[in-house]
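S.K.: Requesting a structural model of the entry that follows:
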Amino acid sequence: MAFERIRLLIRRLVKQRHYYSTAHADEEMDNDEISIFDLERVLCEGDLIARQRDEKSGEWKYILNGLNFGLAVETVVKIASSQVVIITVYSLRAK
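M.R.: Numbers count the residues shown, from 1 in each chain. Modelled structure (predicted):
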């Protein structure tokens, strides 16, 4: 139930454009050819699959997984100051 509440909060914040990505996330998106629109789709339609506590800050991080035009994409985010912070993004295509 808590996952559903967090997933809905992330969806609402993204739809309201209350999000930003870190430089690392931007770099990873460029490397994997993932656009901001691809990322938004995963954040709004994907599944929240895990929650982890950051070892340094103690903050919760959330891992979302979704399909974008057949390509599996995962992203790690946290919620800070009523914004979604995109920590990293990567495709799960076979290597």
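S.K.: Every contact and neighbour count from this point should use C-alpha atoms.
M.R.: Fine.
S.K.: and Glu55, how many residues sit next to it?
M.R.: Other residues near Glu55 come to 8 when the count uses other CA atoms under 10 Å.
S.K.: Kindly provide the distance from it to Lys61.
M.R.: According to CA to CA, to the nearest Å, Glu55 stands 10 Å off from Lys61.
S.K.: and what of Ser82?
M.R.: Distance, Ser82 to Lys61, using CA to CA: 14 Å.
S.K.: When those two are compared, which one has more neighbours?
M.R.: Lys61 (18 against 11).
S.K.: what is the rounded mean pLDDT of the one helix or strand Phe3 maps to?
M.R.: Using DSSP states H and E, the element containing Phe3 is helix 2-15. Average pLDDT, helix 2-15: 92.
S.K.: Could you do stretch 68-78 as well?
M.R.: 88.
S.K.: Okay, buried residues for that stretch please.
M.R.: If you call a residue buried by 16 or more other CA atoms under 10 Å, then stretch 68-78 has these buried ones: Asn68, Ala72, Val73, Glu74, Thr75, Val76, Val77, Lys78.
S.K.: Centre-most residue in the chain?
M.R.: Geometric centre of the chain, nearest residue: Thr75, 3.7 Å, by CA atoms, centre = their mean.
S.K.: Let me see the contact set for it.
M.R.: By CA atoms under 8 Å, 6 or more residues apart in numbering, the contact set of Thr75 is Leu39, Leu43, Ile63, Leu64, Asn65, Ile86, Ile87, Thr88, Val89, Tyr90.
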